[in-house]
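Asks: no sequence on this one, just coordinates:
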């Protein structure tokens, strides 16, 4: 489906108001969430700034009896609070690891203590933008994109059954998106006592845009069309409002049973002090690809995100 030619109308039904999460010399950030066509919104997001640093997170919960909503709320609260309490000079890889571990433990303990919540979990994306670099991690199939001049320059790689098949070249990303198994993820917060994570440190340039989003956003359309949506508006607030309203409108036109939808848009206003050399960039791309293939060959537990 090419939404550009289908007269898709935007819709704000079920969408919360966009919230300003950061407005600092380094960047502007706004977030927005909506229930979509579901009975409850299991997504949560949070963001704040500490000095000239931005802390942002989007989580997409799973589990019945309010479990998904509870898990994602615990996650964004623990992640944002742990990072906000970290001295600014220590905001980076270890701080993110601590925040995600703290969230994972909190969800796991809550589920043990409340039997109706057992089995609850959540995906997570975490982005910390410092003057030096952007530090990020993700768990599950919520994503972080980095865009430059309308082009994708970075994107996280889903922890999902179908993306293991993509890594093994058994299917394309578009086939994975349309697969009936696209909701099966291989990592989640709160399911086990420990969670595996990879933390990236990446450079950015003035004019770059980061998008943090759940699958209710990116899984609605083929990626080339989603990327057009990600760069449709110039200002941060206009973009998050247009993106969520358009995705919501598409869902309503398709029958109104669409997923929860949540996005944070971050617009960068300065260059990071950390920048890749061409040689290092090529080496990192090769390293990431081999790591994905190695991980995809391991046997993993799988979790369904169907609400």
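Replies: Thanks, I have it. This one's a predicted model, so the numbers in the text were calculated from it and none came from an experiment.

Asks: What are the neighbouring residues in contact with residue 227?
Replies: 145, 147, 150-152 (CB atoms under 8 Å, 6 or more residues apart in numbering). C-beta here means a position set from N, CA and C on the backbone, and glycine is covered the same way.

Asks: mind running it again at 6 Å?
Replies: residue 152 (CB atoms under 6 Å, 6 or more residues apart in numbering).

Asks: can I assume it sits in a strand?
Replies: No - assessed by DSSP: H, G, I helix; E, B strand; the rest coil, residue 227 does not belong to a strand; its assignment is helix.

Asks: and residue 171, how far is that from residue 180?
Replies: 12 Å (CB to CB, to the nearest Å).

Asks: what about these two, which has more around it?
Replies: Shown here are residue 171 and residue 180; by other CB atoms under 10 Å, residue 171 has more neighbours (16 against 7).

Asks: Lowest-scoring secondary structure element of this protein by mean pLDDT?
Replies: helix 278-296 (a mean of 54; mean pLDDT, DSSP states H and E).

Asks: After the top helix by length along the chain, which helix or strand is next?
Replies: Across the chain, the helix with the greatest residue count (assigned by DSSP state H) is helix 93-113. For helix 93-113, the following helix or strand on the C-terminal side (DSSP states H and E) is strand 121-122.

Asks: ok, residues contacting that following strand?
Replies: 59, 61-62, 71-72, 75, 188-191.

Asks: what about 7 Å?
Replies: For strand 121-122, the surrounding residues in contact (CB atoms under 7 Å, 6 or more residues apart in numbering) are 59-63, 68, 71-72, 75, 107, 188-191, 303.

Asks: residue boundaries of the strands in the protein?
Replies: Under the criterion DSSP state E, strands of the chain are mapped to 19-23, 27-34, 43-50, 53-62, 121-122, 124-129, 134-139, 143-148, 151-155, 184-185, 200-202, 209-213, 261-268, 303-304.

Asks: Can you say which of the ones you listed is packed in most?
Replies: Highest mean neighbour count of the strands of the chain: strand 121-122, a mean of 32 (counted as mean count of other CB atoms under 10 Å).

Asks: gap between it and the chain center?
Replies: Centroid separation between strand 121-122 and its chain, computed with CA atoms, centre = their mean, to the nearest Å, is 13 Å.
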